[in-house]
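[1] Here is my input, please return the structure:
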Amino acid sequence: MRTYSIIKTEDLGKVKFREILENSPKTIRRSLDDTLFVIKYNIEPSFIKDGTVKPSQTLTHSEALELMSTAAWSQLEPIEE
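    Down below sits the predicted model:
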């Protein structure tokens with residue numbers, strides 16, 4: 001089962017991209033204020049397992065989709081009248 005973790009941007013340098021499904025800092029999804037990013041994985045990465053990186057949240061796919069649709073992660077499209 002795929003897992004999603006929300007991590008502080010200050011920890012980006014500690015992420016081992018070979019252990020997650022994104023392949024570089026350029027491919028991760030960031031919050032609009034650039035303070036957080038999300039990673040996804042099938043097997044818990046060593047940097048989380050050993051406590052090097054502590055996610056602020058760990059989510060399922062549906063929880064991650066819900067979070068990504070919030071104003072903190074997505075710009076809301078203006079409604080045309």
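[2] OK, contacts around E80?
    Contacts for E80 (CB atoms under 8 Å, 6 or more residues apart in numbering) come out as none. In this view, the C-beta of every residue, glycine as well, is placed from N, C-alpha and C.
[3] what number of residues lie near P55?
    17 (other CB atoms under 10 Å).
[4] Could you give the average pLDDT over stretch 10-20?
    For stretch 10-20, the mean pLDDT works out to 97.
[5] Revised request: answer the last question for stretch 49-69.
    Mean pLDDT, stretch 49-69: 97.
[6] Buried ones in it, by neighbour count?
    By neighbour count on 16 or more other CB atoms under 10 Å, the buried set for stretch 49-69 is V53, P55, L59, A64, L67.
[7] ok, the residues you listed vs T3, which is closest?
    Of all the buried residues of stretch 49-69, T3 sits closest to L59, with 7.4 Å by CB to CB.
[8] Please tell me I have it right and that closest one contacts T3.
    Yes. Because the distance of 7.4 Å satisfies CB atoms under 8 Å, L59 is recorded as touching T3.
[9] before we move on, back to that, switch the buried residues of stretch 49-69 over to JSON lines; also include secondary structure.
    Output for these, formatted as JSON lines (DSSP: H, G, I helix; E, B strand; the rest coil):
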{"residue": "V53", "secondary structure": "coil"}
{"residue": "P55", "secondary structure": "coil"}
{"residue": "L59", "secondary structure": "strand"}
{"residue": "A64", "secondary structure": "helix"}
{"residue": "L67", "secondary structure": "helix"}
